[in-house]
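In: When you get a sec, could you give me coordinates for this:
(2 chains)
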Amino acid sequence: MVRTEKRWHSWMSWDYEKEERWLNELSAGGLHMTKGGAFRSEFERDDTVRYTYGLDYQGGLTKKNGKLDEYIELYREIGWEYVSTYAGIWHFFRRPWEPGETPKLYTDRESLVGHYRKIQRLMIVMLLLNAGIFCINMTNIVSRIDGAVRWGITGPLLVIYVGLFTLLGYGIMKIKGKIKKIDGE
Amino acid sequence: MDKWKQMLPLTEAFYYILVTLYAEPSHGYGMMQEVERMSGGRVKLGAGTLYTALSTLQGKGLIDHHPGAEGADARRKMYAITQNGREVLAAEVGRLEELLEAGRHALKGAGL
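Out: Below you'll find the model as predicted:
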């Protein structure tokens, strides 16, 4: 019987290639991811196989519009097995490992930059959305609550949001750096 | 042909996919193999590259779904080139010919 193991581990969308490398290393050691997540992933132990993992960001694919099946089927044709999805936008694939090669999902400059840009766009949207929510919250609090209580609420809120903005801003810059590196090559 | 100029140049992946489909309709795996063969193994289309190229080409109306043959693996989606796709490919080949000619001329002049 195959044993399922769970691991707490987080990764950032702009660093998805690092996550791929991590999954490949674990697979080389006999631990294969079967369910991917942003914080917790599930693995199965099997020393008889080894996989190469690929992470792909694709939005707007659902069972309902038929695009998800079409997408999974095309990747299957090219040799990738669909493992799982996270949040419906990150898709995890794997294929049997072969010595001497690391198959990639994006094999030319243009499509890789396109992939990076899509990830970057999502982070920009999230940043703007959160900035909007933050402004609404702040205006509400400041207009309704007075004195010390006001700062008791806004203080922690401010810390959380500043952290979030910094993280997203950092990610957007990281992706920008990656795109620049490819375009400048 | 002028109306296609804004779509040019095509990326290698887009170009080779249109060339492959110009001959006959094909599915993803068939296209990947044919492109690899035509380029002598130089251009290997990854799944993500192929998927985004097909979505983009379809979105621009250069290719379209093709009803699969009877008894064929029904899950496999077939693609065919459209009239617009043929015209874009012709325009791109014309552009490439000009580039090649200029390049060849320069090399000849330099005695290579």
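In: Show me chain A divided up by domain.
Out: A:4-96, A:109-184 (automatic domain parsing).
In: Identify whichever of those domains lies nearest to B:Val35.
Out: Nearest to B:Val35, of all the domains of chain A, is domain A:4-96, at 11.7 Å by Cβ to Cβ. Bear in mind the C-beta positions are built from the backbone N, C-alpha and C, glycine included.
In: If you count contacts, what does the lengthiest helix in chain B end up packed against?
Out: For chain B, the longest helix by residue count, based on DSSP state H, is helix B:83-109. Packing contacts for helix B:83-109, counted by 3 or more Cβ pairs under 8 Å, 6 or more residues apart in numbering or on different chains; DSSP states H and E, involve helix B:12-23.
In: Contacts for the helix it packs on, please.
Out: For helix B:12-23, the surrounding residues in contact (Cβ atoms under 8 Å, 6 or more residues apart in numbering or on different chains) are A:107-108, A:110-111, B:10, B:26, B:30-31, B:34-35, B:38-39, B:43, B:45, B:49-50, B:53-54, B:56-57, B:62-63, B:79-81, B:85-86, B:88-89, B:92.
In: ok, of these, which come out buried?
Out: A:107-108, A:110-111, B:10, B:26, B:30-31, B:34-35, B:43, B:45, B:49-50, B:53-54, B:56-57, B:62-63, B:79, B:81, B:85, B:88-89, B:92 (16 or more other Cβ atoms under 10 Å in any protein chain shown).
In: Report the inter-axis angle for the longest helix of chain B versus helix B:12-23.
Out: Orientation of helix B:83-109 against helix B:12-23 (axes from the mean of the first three to the mean of the last three Cα atoms, to 10 degrees) gives an angle of 120 degrees.
In: tell me the average confidence for helix B:83-109?
Out: Taken as a whole, helix B:83-109 has an average pLDDT of 95.
In: and the helix or strand in which A:Phe43 is found, which strands flank it?
Out: Assessed by DSSP states H and E, A:Phe43 sits inside strand A:40-45. Sheet pairing of strand A:40-45 (DSSP bridges) gives strand A:4-8 (antiparallel), strand A:31-35 (antiparallel).
In: how about the CA coordinates for it, as CSV?
Out: Written as CSV, here are the backbone C-alpha positions of strand A:40-45 (Å, rounded to 0.1, in the frame of the first residue of the first chain):
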residue,chain,number,x,y,z
ARG,A,40,0.7,22.1,2.3
SER,A,41,1.4,19.4,-0.3
GLU,A,42,0.7,15.7,-0.2
PHE,A,43,3.2,13.1,-1.3
GLU,A,44,3.4,9.4,-1.9
ARG,A,45,6.5,7.3,-1.3
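In: for the one helix or strand A:Trp151 maps to, packing partners?
Out: Assigned by DSSP H and E, A:Trp151 falls within helix A:147-183. Other elements packing on helix A:147-183 under the criterion 3+ Cβ pairs under 8 Å, 6+ apart are helix A:109-144.
In: contacting residues around A:Ala89?
Out: Heads up, residue A:89 is Ile, not Ala. A:Ile89 is in contact with A:57-59, A:122, counting by Cβ under 8 Å, 6+ apart.
In: at 6 Å instead, please
Out: A:Gly59 (Cβ atoms under 6 Å, 6 or more residues apart in numbering or on different chains).
In: next one: phi and psi at it?
Out: phi -120, psi -30 (degrees, to the nearest 10).
In: try A:Ala38
Out: Dihedral angles (degrees, to the nearest 10) for A:Ala38: phi -80, psi -30.
In: any idea how far it is from B:Gly61?
Out: According to Cβ to Cβ, to the nearest Å, A:Ala38 and B:Gly61 sit 37 Å apart.
In: Please flag which of the contacts of helix B:12-23 sit within strands.
Out: B:26, B:63, B:79-81 (DSSP state E).
In: Which of the domains of chain A comes out lowest on mean pLDDT?
Out: Taking the mean pLDDT of the domains of chain A, domain A:109-184 comes last: a mean of 90.
In: SS state for B:Arg75?
Out: On the three-state scheme (DSSP: H, G, I helix; E, B strand; the rest coil), B:Arg75 is labelled coil.
In: element containing the spatially closest residue to it that is not a sequence neighbour?
Out: By the measure of Cβ to Cβ, 6 or more residues apart in numbering or on different chains, the closest residue to B:Arg75 outside its immediate chain neighbours is A:Glu73, 5.1 Å from it. Element membership for A:Glu73, per DSSP H and E: helix A:67-77.
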